[in-house]
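J.: Fold the following for me, if possible:
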Amino acid sequence: MLKHQISKRRVAIAGAGVAALVAGTLTLSANASEESAPTLKSLTSTSATKLASKLTSDLKGDAGSYYDAKAKKLVVNVTGQAAKKQVEAAGAQAKLVEHTMAQLDSVKSTLTKTDIAGTSRVVDVKTNKVILTADRTVKGADLAKLKKQAAAQGGKVEMKRTAGKYTTKIAGGDAIWGDGGRCSLGFNVTVGGQPAFLTAGHCSTAIASWSDTQGGAEIAKSGDGKFPGADYGIATYTGDTAHPSEVNLYNGSTQAISGAAEAEVGQQVTRSGSTTQVHDGTVSAVNASVTYPEGTVDGLIQTDVCAEPGDSGGALFAGDKALGLTSGGSGDCSAGGETFFQPVPAALEALGAQLP
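T.: Numbers count the residues shown, from 1 in each chain. Take a look at the predicted model:
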């Protein structure tokens, strides 16, 4: 009997290089007492997340933070010397920047209202800018409009082009089949005690009934879902059999899932999907907005993990924590690309679901 699961392989994190411990050069007079340099803590991704949450909530003018996985350090953006001292005293690296998260979020919201298909907007904490990306379909008047809007924001916006095309990845762990398409199962959950699974909203809102083989018997029916706006959906199993809380690693093993968590910039992650199986990479941004041909989806996780049609709905995870559901992106697993994910915690809350 087929287990409905989802999975992981290896994880590779590309952390940003760590800057010098102290910005600038400290000059001491002959009579001055020597000050010790701040001590940086060596942190795991989990401990960095906890420290980042505490620091950014306490800092005046929060400017964001990210995890440098290679150096095992937390980098916290600050806009003033008082905040810099506070961050360094906590054992994190302080990076002086110009813009607060509130300022950049406001710019991102303004750009999102343009609603031109083939575009994405993310706050990049590493560059302290909003990255506005247009895919190859954006041309002519639309492209000129985007360039004008980016220029109007001065140094707060950087515009980029991608050779790919932003699409939802319909056609992603284990394959699930429906009339007119194939997607991937995300995570097994329960709703009111009944077994169900999460997948992408652009899958569940388009397909009413699911099978675990092409043309096979029904195993689940689609329920609530949302797309565009968000990209989550749920399907309730039609049988009473319990389904494991694990992800298919496509190597004969599975990754147990014990709960859900929010993704963090710089975190190493793994994706499992029915087309390209298991791939890994790094979280590059959170709260991304992408305008697909079908409409805009907000609040997404942006990664450098590849995906292809059929991977939609598949699992994004880190260790035993469920992070996201594959939504869409550009590129493929031959040439590379970027992929966006619906955060799992928001989907669970909206659907009233729980991980088993």
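J.: tell me what the helix or strand encompassing residue 341 is packed against?
T.: Taking DSSP states H and E as the criterion, residue 341 maps to strand 336-343. With contacts taken as 3 or more C-beta pairs under 8 Å, 6 or more residues apart in numbering; DSSP states H and E, strand 336-343 sits against strand 277-292, strand 295-303, strand 321-332. C-beta here means a position set from N, CA and C on the backbone, and glycine is covered the same way.
J.: per-residue confidence at the most centrally placed residue in the chain?
T.: Centroid-nearest residue in the chain, with C-alpha atoms, centre = their mean: residue 301, separated by 1.9 Å. For residue 301, the pLDDT comes out at 98.
J.: contacting residues for it?
T.: 263, 283, 285-286, 288, 316, 323-324, 340-343 (C-beta atoms under 8 Å, 6 or more residues apart in numbering).
J.: now swap in residue 279 and tell me
T.: Per C-beta under 8 Å, 6+ apart, neighbours of residue 279: 9, 270-271, 305-307, 333.
J.: could I get the residues you listed as TSV with distance to residue 354?
T.: Formatted as TSV, these follow (distance: C-beta to C-beta, whole Å):
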residue	distance to residue 354
9	26
270	22
271	22
305	26
306	30
307	26
333	32
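J.: which strands and helices sit next to the helix or strand bottoming out on mean pLDDT in the chain?
T.: Ranked by mean pLDDT, DSSP states H and E, the weakest helix or strand in the chain is helix 45-58, scoring a mean of 87. Helices and strands touching helix 45-58, by 3+ C-beta pairs under 8 Å, 6+ apart, are strand 65-68, strand 73-78, helix 81-89.
J.: wait, which of the ones you listed is closest to residue 176?
T.: Closest approach to residue 176 among the helices and strands packed on helix 45-58 (C-beta to C-beta): strand 65-68, 33.1 Å.
J.: Identify the residues contacting the closest one?
T.: 15-18, 43, 45, 48-49, 52, 55-56, 73-77, 92-93, 125-126, 264-267.
J.: Low-confidence ranges, the stretch 151-300 of the chain, go.
T.: 169-173 (pLDDT under 70).
J.: one more time with 80, if that's ok
T.: 169-173, 180, 239-242 (pLDDT under 80).
J.: can you map out the helices along it?
T.: Secondary structure of the stretch 151-300 of the chain (DSSP state H, counting those that start in this stretch): helices at 201-204.
J.: Residue 40 reaches residue 93, doesn't it?
T.: Yes: judged on C-beta atoms under 8 Å, residue 40 makes contact with residue 93 at a distance of 5.8 Å.
J.: For these two, indicate the residue with more neighbours.
T.: residue 93 (22 against 19; other C-beta atoms under 10 Å).
J.: what's the nearest residue to that one if we skip its chain neighbours?
T.: Distances taken as C-beta to C-beta, 6 or more residues apart in numbering place residue 75 nearest to residue 93, at 4.8 Å, with adjacent residues excluded.
J.: same deal with residue 245?
T.: residue 356 (4.3 Å).
J.: ok, the closest residue to residue 63 other than its chain neighbours - how many residues close by?
T.: Take residue 63 and drop its neighbours on the chain: the residue closest to it by C-beta to C-beta, 6+ apart is residue 77, 3.5 Å away. Applying other C-beta under 10 Å, we find 25 residues neighbouring residue 77.
J.: Residue 281 now?
T.: Applying other C-beta under 10 Å, I find that residue 281 has 22 neighbouring residues.
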